[in-house]
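Undergrad: sequence? don't have it. structure:
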């Protein structure tokens, strides 16, 4: 059995807590949380601590705070033998170099407090400061039953950028779609088939060749009609830039 | 049995041809195509004509050319009794007002020549110039087994705008994702779970509340790292504008 210490009580901590708690290969020793914020969302069985300098012994320490605090947290914790991990897509592994055993465990997914995700479906990018620690991380992933891939810090940032487009940006456009639907009282159900199709094309690597719509046709009259509807909204400029980008369409 | 005449031989014509040909309630009389372009993609059984003034008699005439040519085509055709339809999301029904019986049949989906779509899953927005013609259109939709909804020209344009965000724009961002994946030799499979999640949130009406990533956190350091990667690409401005839009986030 591997013992786990989670540092911070945000969305990722909540999701990792769920997955470790429900897997008999793991035991969560404690969760560090500076404030009481969010802690009521976690299972009642979890022990919380607010003493970062006195963490109990564990095999893995997951630093799950915001990127800017990772280094500072790492300096405060004294661990014996355990491997200290961060889970950031953008931070170099070396920000943990004050530790003896350290690495990165970056799950390529978006997390929130509501869903309980099946980690089996989540790819995890891993990195460690030694062969021995990398083997430990691989073992952890194996016991979690997740797909992992060794990716260095530089390439992890590229994954993070691509994921920003695939999720954060796409999500924003779907959120704008919802706003238009609500504003004009449209039937949301009617947009499910076309959004399924959009994602299907991505899975088939056919997004680029499947581009349709007024921008790729350079259909100025339709573009003007759309812009007229959006003229007093925050999204006019967004509309114009994406339309322009579709016309260019090259990295 | 209803008889169908398709005017133009583009993507939508190809898809409608497939669906009508495979439904015993319909018979395609002919397809008008000015040039031979694309006609080889269609079933060998289809009769093509290039004489727009002498179309054979049919119950429905689908004008499927580009938006700018609909009016001109409508002026050229003489039909007796049949209902003349256009399939544009953005054109007013009245551009067909030289006809006696006319309407709109706008399927809310993106079409291409490769897939054969199941029309059952495609919502169709319909409109007609009279109660009688609307009933005929409803009957046609019923025989096609598609979900239809009567939507006037003004509201159809709002549907078209929302679909532009849900498909065209989202597709573009997924196409950019693919370019980043290819450029940096990333593993495409790793992006499937996160893109499934993105679309799932849209279906659950949770896109807005599920927004994550550096923009919504106002994580300037990460944004700068991403911008650095994109600095010599066409997508830097796109990145900046979407990031800015996520920060504002109001129609």
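TA: Nice, thanks for sending it over. Note that the structure is predicted; figures quoted are calculated from it, not measured.
Undergrad: ok, for residue A:150, nearest residue in space, not its chain neighbours?
TA: Nearest non-adjacent residue to residue A:150, counting by Cβ to Cβ, 6 or more residues apart in numbering or on different chains: residue A:126, 5.7 Å away. C-beta: built from backbone N, CA, C; applies to glycine.
Undergrad: Give the partner strands of the strand or helix carrying that neighbour in its sheet and their orientations.
TA: In this assignment (DSSP states H and E), residue A:126 forms part of strand A:124-128. Here strand A:124-128 is paired, per DSSP bridges, with strand A:102-107 (antiparallel), strand A:148-150 (parallel).
Undergrad: Tell me which of those sits most buried.
TA: Highest mean neighbour count among the strands paired with strand A:124-128 (mean count of other Cβ atoms under 10 Å in any protein chain shown): strand A:102-107, with a mean of 25.
Undergrad: Show residues contacting that strand.
TA: A:12, A:62, A:74, A:83-89, A:91, A:93, A:96, A:119, A:122-129, A:133-134, A:137, A:140, A:146, A:151, A:153, A:156, A:159-160 (Cβ atoms under 8 Å, 6 or more residues apart in numbering or on different chains).
Undergrad: is it true that residue A:219 touches residue B:67?
TA: Yes: between residue A:219 and residue B:67 a contact is recorded at 6.8 Å, counting by Cβ atoms under 8 Å.
Undergrad: now residue A:85: how far from residue B:49?
TA: For residue A:85, the distance to residue B:49 (Cβ to Cβ, to the nearest Å) stands at 69 Å.
Undergrad: So which of those two has more stuff around it?
TA: Counted by other Cβ atoms under 10 Å in any protein chain shown, residue A:85 and residue B:49 do not tie: residue A:85 has more neighbours, with 26 against 15.
Undergrad: And what about that one, helix, strand or coil?
TA: strand (DSSP: H, G, I helix; E, B strand; the rest coil).
Undergrad: what about the closest residue to residue A:161 other than its chain neighbours, how many residues close to it?
TA: With sequence-adjacent residues excluded and distances taken as Cβ to Cβ, 6+ apart, residue A:161 is closest to residue B:226, at 5.0 Å. For residue B:226, the neighbour count with other Cβ under 10 Å is 25.
Undergrad: and if you look at residue A:118?
TA: By other Cβ under 10 Å, 11 other residues sit near residue A:118.
Undergrad: Please apply the same query to residue A:96.
TA: Per other Cβ under 10 Å, the neighbour tally for residue A:96 reads 24.
Undergrad: and the closest residue in space to it that isn't next to it in sequence, bridged to which residues?
TA: Leaving aside its sequence neighbours, residue A:96 sits nearest to residue A:102 (Cβ to Cβ, 6+ apart; 3.8 Å). Here residue A:102 sits in beta bridges with residue A:84, going by DSSP bridges.
Undergrad: one step back: name the residues of the strand holding residue A:126 that come out as buried.
TA: A:124-128 (16 or more other Cβ atoms under 10 Å in any protein chain shown).
Undergrad: From those, pick the one nearest chain B.
TA: Nearest to chain B among the buried residues of strand A:124-128 is residue A:125, at 7.8 Å by Cβ to the nearest Cβ.
Undergrad: Domain ranges for chain A, per the record?
TA: Here the domain assignment for chain A is A:2-151, A:156-248, based on automatic domain parsing.
Undergrad: OK, contacts around residue A:189?
TA: Counting by Cβ under 8 Å, 6+ apart, residue A:189 touches residue B:123.
Undergrad: So which elements touch the strand or helix carrying the residue nearest to residue A:161?
TA: Under the criterion of DSSP H and E, residue B:226 resides in helix B:220-229. Judged by 3 or more Cβ pairs under 8 Å, 6 or more residues apart in numbering or on different chains; DSSP states H and E, helix B:220-229 is in contact with helix A:153-163, helix B:214-217, helix B:236-248.
Undergrad: just for the stretch 101-250 of chain A, where's the confidence low?
TA: Low-confidence segments of the stretch 101-250 of chain A (pLDDT under 70): A:249-250.
Undergrad: Can you give me the neighbour number for the closest residue to residue A:53 other than its chain neighbours?
TA: In this structure, residue A:53 finds its nearest non-sequential neighbour in residue A:76, 5.9 Å apart by Cβ to Cβ, 6+ apart. For residue A:76, the neighbour count with other Cβ under 10 Å is 13.
Undergrad: Same check on residue A:169?
TA: 28.
Undergrad: List the buried residues for stretch A:181-188?
TA: Within stretch A:181-188, the residues that count as buried by 16+ other Cβ under 10 Å are A:181, A:186.
Undergrad: repeat for stretch A:235-251
TA: Within stretch A:235-251, the residues that qualify as buried are A:235, A:238-243, A:245-246, A:249, counting by 16+ other Cβ under 10 Å.
Undergrad: what's it in contact with?
TA: By Cβ under 8 Å, 6+ apart, the residues outside stretch A:235-251 that reach it are A:173, A:176, A:208, A:211, A:213-216, A:218, A:223, A:226-227, A:230, B:168-169, B:172, B:175-176, B:179-180, B:183, B:233-235, B:237-238, B:241-242, B:245, B:251.
Undergrad: likewise stretch A:210-228?
TA: With Cβ under 8 Å, 6+ apart, stretch A:210-228 has contacts from A:201, A:236, A:239-240, A:242-244, A:246-247, A:249, B:11, B:66-68, B:90, B:110-112, B:157, B:160-161, B:164, B:167-168, B:171-172, B:175.
Undergrad: Just want the residue of the stretch 1-150 of chain A that's nearest chain B.
TA: Closest to chain B within the stretch 1-150 of chain A is residue A:123: 4.1 Å, counting by Cβ to the nearest Cβ.
Undergrad: which residues does the residue nearest to that residue when sequence neighbours are not counted contact?
TA: Leaving out its chain neighbours, the residue that sits closest to residue A:123 by Cβ to Cβ, 6+ apart is residue B:190, at 4.1 Å. For residue B:190, the contact set (Cβ under 8 Å, 6+ apart) comprises A:108, A:123, A:125, A:147, A:149, A:159.
Undergrad: Sounds good, over and out.
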